[in-house]
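Novice: dropping the sequence and predicted coords here.
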Amino acid sequence: MPSSSSSDRLVAEFLSRLSGCNTESELWPIQIRVEERFTPHELLRVIAEAPRLPPPVQRWLSQISALLAPNAAMLPDRYERHALAEDIALYSDTSVPAARKILLVCFCGYANRLMLPMPVFLSHISSASCDVLVLRDRHRRHYAAGVPGHSNSLLDLCQRLERELAPQAYQRLCCFGTSAGALPALQAGIFMRAERGIAAGGRFPAHPLRLLDPGTALPAFDPLCACNRESRTLLISAYGQACEEDRLNAARLAAVLPVRDLAYPGISSHNLLLALVSSGRIAGFFARVLG
């Protein structure tokens, strides 16, 4: 568990801010920051103080604690957060050599999360087996313009990440994305020659809407193209089988490139990961898609 002074200060700062949240509207902006940024053990330290916090905060902490991995408090979670840019953060246990870990490059969707609060997502992935890089595109351009303030296209983003992170030092490289970040994760997987590109609830971009924005040019080349059928990156498309829009998007993708279809029966929600957490299947999901 990280015990750095910066982590201690972060927890102390947010506990102070949460102590003044007596309404849902006061809580909301602080809740979002916690859910976007905290590690599992930072969140657990906040949850431990719940009895002395206002009722709205207690209700929220009760809800989010129910989503954490059942043994989260006992896991040797040593994730530390390292900011590469305003909307790029690496969660890593530096005590474990990169050669023994997967580098998991994650593309958030429109809600700037991976379908789950960040500490919840991380609680279901061992810090000893993965370094997790989290990317956010707050302009909602499907990463066609890269990550604002860091890169100006998806290809530029991938090339910069390869220089900054040296993925060749890792045992394996996998790209993962949810919703609007799912197909960019597959594209990045091809660009970066990753072992796997994993889409959860993938949605194709609404190009007609983007054409109305003069600041967004459509890419001249899309790696999700039949010309890349020989790519060695294993592409996986996971979705709830009863979610019709996600099923249709997966079928459209499979018509272009060879994709391993991973449909979960009985799930009608677009939020596949939340449904898998709620039904106790999230560990099996990660074991399956990460190999």
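Specialist: Received, thanks.
Novice: could I get the full set of strands for the protein?
Specialist: 80-85, 88-92, 102-107, 130-135, 172-178, 196-200, 234-240, 260-264 (DSSP state E).
Novice: could you report the neighbour count for Leu116?
Specialist: 22 (other CB atoms under 10 Å). The C-beta positions use only the backbone N, C-alpha and C, and glycine is treated the same way.
Novice: leaving out chain neighbours, which residue sits closest to it?
Specialist: Leu273 (5.2 Å; CB to CB, 6 or more residues apart in numbering).
Novice: residues in contact with the one you found?
Specialist: 114-116, 121, 178, 200, 282, 285 (CB atoms under 8 Å, 6 or more residues apart in numbering).
Novice: ok, now with 10 Å
Specialist: Residues in contact with Leu273 (CB atoms under 10 Å, 6 or more residues apart in numbering) are 67, 113-116, 120-121, 124, 178-179, 200-201, 238, 281-282, 285-286.
Novice: how about Leu103?
Specialist: 90, 92, 130-133, 161, 165-175, 192, 194 are the contacts of Leu103 under CB under 10 Å, 6+ apart.
Novice: repeat that for 8 Å
Specialist: 130-131, 133, 165, 167, 170, 172-174.
Novice: ok, now Arg140?
Specialist: 110, 180.
Novice: what's the answer for the one 10 residues further on, then?
Specialist: Applying CB under 8 Å, 6+ apart, we find His150 in contact with 84-88, 157, 160.
Novice: adding neighbour count, distance to Arg140 and pLDDT, write those out as TSV.
Specialist: TSV is the format used below for those (neighbours: other CB atoms under 10 Å; distance: CB to CB, whole Å; pLDDT from 0 to 100):
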residue	neighbour count	distance to Arg140	pLDDT
Leu84	17	21	93
Ala85	15	17	93
Glu86	12	16	93
Asp87	19	12	95
Ile88	21	16	97
Leu157	26	15	96
Arg160	18	21	96
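Novice: got JSON lines for those residues, with distance to Leu290 too?
Specialist: What follows is the contacts of His150, written out as JSON lines (distance: CB to CB, whole Å):
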{"residue": "Leu84", "distance to Leu290": "22"}
{"residue": "Ala85", "distance to Leu290": "25"}
{"residue": "Glu86", "distance to Leu290": "28"}
{"residue": "Asp87", "distance to Leu290": "24"}
{"residue": "Ile88", "distance to Leu290": "21"}
{"residue": "Leu157", "distance to Leu290": "22"}
{"residue": "Arg160", "distance to Leu290": "24"}
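Novice: nearest to Leu248 among those?
Specialist: Leu157 (27.6 Å; CB to CB).
Novice: surely that closest one is in contact with Ala188?
Specialist: Yes: contact criterion CB atoms under 8 Å: Leu157 and Ala188 qualify, at 7.4 Å.
Novice: now do the shared contacts for the two.
Specialist: Between them, Leu157 and Ala188 share the contacting residues Tyr143, judged by CB under 8 Å, 6+ apart.
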